[in-house]
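Engineer: Below are the sequence and a predicted model for it; my questions follow.
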Amino acid sequence: MDAMCRRLLIFFLCVGLSGCTAGRGVQSVTTTVAGKVAAAGVGLADVRVMAFPLTWSSLQEPAPFNAPLTTADGRFQLELPPGDYFLFARGGGYFSFYGRNPVTVPAGGLAEINLGLVPEGDSEAAVSPPATIDSGVAGTVLHDHQPLAGAMIHIYTDLSGGLKGMGYAMAGPTDEAGYFEASLPAGTYYLLARLRRGGSGLTGPLQAGDFIGYFPGNPLRVGAGEVARIAIPLLEVPEKIARMAENLFGNTAIHGRILHPDGRPVRDARAVLYGDAQMLNRPLYVSRPSAADGTFVLSFPHGGTYYLAARNTLGGAPGPGDLYGTYAGTPDHALQIKDGEQLRGVDVVVEEMW
């Protein structure tokens, strides 16, 4: 093959791969994600906001997308191709894992993204007490440098589930010293800590007053016969989360009610959305608990065909005494919804399981 043929072959290969970067999810058309980073409500300068595509194989820095350092009042602007991302921020001894990760960036961009910063952690807090395991991870969960009891640590082996759900393994709840241990074989892991104050169990969206924390040193590598010592700083979920239900997970949403067969509203049940008609796997999206009048809002990023159900418990199949029901507006319980549509007047009737 002569030089001209080789150059033409390389050119056409690159065109076919969208600039030789499509295999890693990088595109040429970008939109703007803008917002603010803050510690204890105060904007912080010189913090780097970064993004990893959801298709990326690891969240190990350096990130493929980085914004210029934040301004004096903590403002940032990040250019990204439309798609799904994990957003982070780091600088000045602070760290942020965006609580709504992974987030969908539409073609029109996103504004007023607020990233709450936490201290990266007190390394000395993770030194004691002596571990009782031979291999795995031992550590402390902190809020404002103070230990936090009652947190559950979720351990993931990869990013395939978007770091949602219970994960590969769990540890906790943390004791009064914020301490936890997890026996693990040698491997690479992502650790998140969650503390649910509202009695919402182990799954579903976090509520105001709950806590979430992402180990700033993820991914954590555990060697054979090694006990890794870590600290996980947590951030409290703000009150305003309740006002964001309509676009919490995207600008497409279903509004409706969860009802008893006699028409009475059901409080504290959740609408759950699936991508398959069997509705047996983990749901794609889960609403916040229904209000006293049974109303719910379920938001998500993309339109399409979905299957809707409602239940008052999460995790596993509904059991005796649980309330469960599926959307009856179509024979197969399916809903068709367009990108950006706000579908209203959708009722789901639940009955007690036997």
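Structural biologist: Good, I have the coordinates.

Engineer: And the strands in the stretch 1-150 of the chain?
Structural biologist: 31-39, 42-43, 48-53, 65-66, 75-80, 83-91, 94-97, 103-105, 110-116, 118-119, 136-143, 146-147 (DSSP state E, counting those that start in this stretch).

Engineer: Highest average neighbour count across those: which stretch is it?
Structural biologist: Comparing the strands of the stretch 1-150 of the chain by mean neighbour count (mean count of other C-beta atoms under 10 Å), strand 136-143 ranks first with a mean of 25. Backbone N, C-alpha and C define where each C-beta goes, glycine included.

Engineer: Not counting that one itself, show me its contacts.
Structural biologist: Strand 136-143 has contacts (C-beta atoms under 8 Å, 6 or more residues apart in numbering) with 119, 121-122, 125-126, 131, 147-148, 151, 153, 155, 171, 174, 177-184, 189, 191, 193, 195, 211, 213, 220, 222, 227-236.

Engineer: before we move on, the earlier item: can you redo the strands of the stretch 1-150 of the chain as a markdown table with mean pLDDT and distance to residue 333?
Structural biologist: Below are those laid out as a markdown table (pLDDT from 0 to 100; distance: least, C-beta to C-beta, whole Å):
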| stretch | mean pLDDT | distance to residue 333 |
| --- | --- | --- |
| strand 31-39 | 95 | 35 |
| strand 42-43 | 94 | 46 |
| strand 48-53 | 97 | 32 |
| strand 65-66 | 97 | 38 |
| strand 75-80 | 96 | 35 |
| strand 83-91 | 95 | 26 |
| strand 94-97 | 95 | 35 |
| strand 103-105 | 90 | 24 |
| strand 110-116 | 91 | 32 |
| strand 118-119 | 92 | 41 |
| strand 136-143 | 94 | 40 |
| strand 146-147 | 90 | 45 |
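
Engineer: Show me the contacts of strand 136-143 that map onto strands.
Structural biologist: Mapping the contacts of strand 136-143 onto strands (DSSP state E) picks out 119, 147, 153, 155, 171, 179-183, 189, 191, 193, 195, 211, 213, 220, 222, 227-233, 235-236.

Engineer: Just the buried ones among those, please.
Structural biologist: Neighbour-count burial (16 or more other C-beta atoms under 10 Å) applied to the ones in strands among the contacts of strand 136-143 gives 119, 147, 153, 155, 171, 179-182, 189, 191, 193, 195, 211, 213, 220, 222, 227-233, 235-236.

Engineer: For residue 179, which non-adjacent residue is closest in space?
Structural biologist: Among residues not flanking residue 179 along the chain, residue 140 sits closest, at 5.7 Å (C-beta to C-beta, 6 or more residues apart in numbering).

Engineer: and the one you found, how far is that from residue 353?
Structural biologist: With distances taken as C-beta to C-beta, to the nearest Å, residue 140 is found 40 Å from residue 353.

Engineer: swap in residue 194?
Structural biologist: Distance of residue 194 to residue 353, given as C-beta to C-beta: 27 Å.

Engineer: More neighbours: which of the two?
Structural biologist: Shown here are residue 194 and residue 353; by other C-beta atoms under 10 Å, residue 194 has more neighbours (20 against 15).

Engineer: which ones are touching that one?
Structural biologist: With C-beta under 8 Å, 6+ apart, residue 194 has these contacts: 151, 152, 154, 206, 210, 211, 212, 213.

Engineer: from the middle of its chain, how far away would stretch 270-284 be?
Structural biologist: Stretch 270-284 has its C-alpha centroid displaced from the chain centroid by 17 Å (C-alpha atoms, centre = their mean, to the nearest Å).

Engineer: Tell me the buried residues in it?
Structural biologist: Buried residues in stretch 270-284, defined by neighbour count with 16+ other C-beta under 10 Å: 270, 271, 272, 273, 274, 283, 284.

Engineer: Doesn't the second one belong to a strand?
Structural biologist: Just to be clear, that refers to residue 271. Yes - under DSSP: H, G, I helix; E, B strand; the rest coil, residue 271 falls within a strand.

Engineer: what's the spacing between the spatially closest residue to it that is not a sequence neighbour and residue 256?
Structural biologist: Excluding the flanking residues, the one nearest residue 271 by C-beta to C-beta, 6+ apart is residue 287, at 4.2 Å. Relative to residue 256, residue 287 is positioned 9 Å away (C-beta to C-beta).

Engineer: quick one, which of those two is more surrounded?
Structural biologist: Between residue 287 and residue 256, counted using other C-beta under 10 Å, residue 287 has the larger neighbour count: 26 against 23.

Engineer: Stretch 129-144: end-to-end distance?
Structural biologist: Stretch 129-144 stretches 20 Å from its first residue to its last (C-alpha to C-alpha, to the nearest Å).

Engineer: Equivalent analysis for stretch 320-329, please.
Structural biologist: End-to-end distance for stretch 320-329: 25 Å, by C-alpha to C-alpha.

Engineer: before we move on, the earlier item: could the strands of the stretch 1-150 of the chain be laid out in CSV, adding distance to residue 161?
Structural biologist: Shown next, in CSV, are these (distance: least, C-beta to C-beta, whole Å):
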stretch, distance to residue 161
strand 31-39, 23
strand 42-43, 33
strand 48-53, 15
strand 65-66, 22
strand 75-80, 22
strand 83-91, 13
strand 94-97, 16
strand 103-105, 16
strand 110-116, 22
strand 118-119, 23
strand 136-143, 19
strand 146-147, 28
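
Engineer: Much appreciated, bye for now.
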